[in-house]
Structure formats: C-alpha cells, structure tokens
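Participant: I would like to see how this sequence folds:
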Amino acid sequence: MGKLQTIVGNNIRRARLHLHLSQSQLAELCGLSSSFLGEIEAGKKFPSPENLEKIATVLGLKPYQLLYEEEDWEVFDKYKTITSIYQELREKLNTDLEETIRRHITGS
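Facilitator: Numbers count the residues shown, from 1 in each chain. I've put the predicted structure just below:
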C-alpha cells in the first residue's frame with residue numbers, strides 16, 4: 001500500500017463521513033461496488049482517473065483535493081468555515097438592510 005493510496009483512501013473516508021454517507025451509499029452514487037470503495041478507503045486499491053473524478057464529484061470536491069495531506073485538509077476545512085461564516089453574514093446583512101429600507105419607506 002503506497003502513501004498516495006493511503007492519502008486518497010483517508011480523504012474519501014473523511015469526506016464521506018462529513019456528508020453522513022455510508023460506504024454503500026457513496027458507492028451507489030458513484031456507480032461502484034461497495035467492496036471496491038472499501039478497498040480504496042483501506043488503501044488497498046487506487047481508483048482510475050475516471051472513478052476518482054466520479055467520487056470527488058459526488059463528495060462535492062475537485063479530484064485534486066483527494067490528494068491533500070492531513071495538514072492541507074486543515075487549511076481547506078478552515079477556508080470552508082470562513083467562507084460559510086462570510087456567506088451567512090452577507091445574507092443577514094442583506095436581509096437586515098432590506099428590512100430597514102422597507103421600514104423607512106413605509107414609515108412603520
């Protein structure tokens with residue numbers, strides 16, 4: 001089992017669990033067998049480029065993100081968190097701004 005196989009397998013497992021998917025569910029969504037996906041996650045097999053792309057797409061990732069090492073995932077996770085917070089704040093600000101304008105226009 002090579003280092004790259006281990007990294008890819010761990011990343012698929014991490015992303016799958018983050019989405020609350022079982023191996024069977026992910027395998028079905030990707031058109032793969034559960035046993036093959038299990039072997040990929042265990043680092044025993046390496047997916048073809050086509051299957052790597054299918055898996056990444058279902059997980060909402062780019063294929064290259066499945067090659068990230070542990071410390072790269074920490075940075076990616078922080079980026080996703082910051083982006084999510086930013087989007088929530090922007091939506092709240094827009095909602096509050098619209099409500100304030102509406103109150104001033106209607107005088108209530």
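
Participant: can we go C-alpha only for contacts and neighbour counts from here?
Facilitator: Will do.

Participant: In three-state terms, label the closest residue to residue 6 other than its chain neighbours for me.
Facilitator: Take residue 6 and drop its neighbours on the chain: the residue closest to it by CA to CA, 6 or more residues apart in numbering is residue 43, 4.5 Å away. Here residue 43 is recorded as coil under DSSP: H, G, I helix; E, B strand; the rest coil.

Participant: which residues touch residue 51?
Facilitator: Residue 51 makes contact with residue 30, according to CA atoms under 8 Å, 6 or more residues apart in numbering.

Participant: which SSE is it in?
Facilitator: helix 49-58 (DSSP states H and E).

Participant: how far does whichever helix or strand residue 97 is part of sit from the chain's center?
Facilitator: Here residue 97 sits within helix 70-106, counting by DSSP H and E. Counting by CA atoms, centre = their mean, to the nearest Å, helix 70-106 is centred 19 Å from the centre of its parent chain.

Participant: what's the domain layout of the protein?
Facilitator: Here the domain parsing of the chain from automatic domain parsing is 1-68, 69-108.

Participant: mean confidence for the shortest one?
Facilitator: Yep, that's domain 69-108 we're talking about. For domain 69-108, mean pLDDT is 80.

Participant: contacting residues for the nearest residue to residue 28 once chain neighbours are set aside?
Facilitator: Computed as CA to CA, 6+ apart, the closest residue to residue 28 that is not its neighbour in sequence is residue 34, at 7.6 Å. Neighbour list for residue 34: 23-24, 27-28 [criterion: CA under 8 Å, 6+ apart].

Participant: what distance separates the helix holding residue 51 from the centre of its chain?
Facilitator: Here helix 49-58 shows a centroid-to-chain-centroid distance of 13 Å under the convention CA atoms, centre = their mean.

Participant: quick check: mean pLDDT across that helix?
Facilitator: The average pLDDT within helix 49-58 is 96.

Participant: tell me which residues in it are buried?
Facilitator: 52-56 (16 or more other CA atoms under 10 Å).

Participant: What is the neighbour count of the closest residue to residue 19 other than its chain neighbours?
Facilitator: In space, residue 19 comes closest to residue 59 once its chain neighbours are excluded; the distance is 7.6 Å by CA to CA, 6+ apart. Neighbours of residue 59 under the rule other CA atoms under 10 Å: 21.
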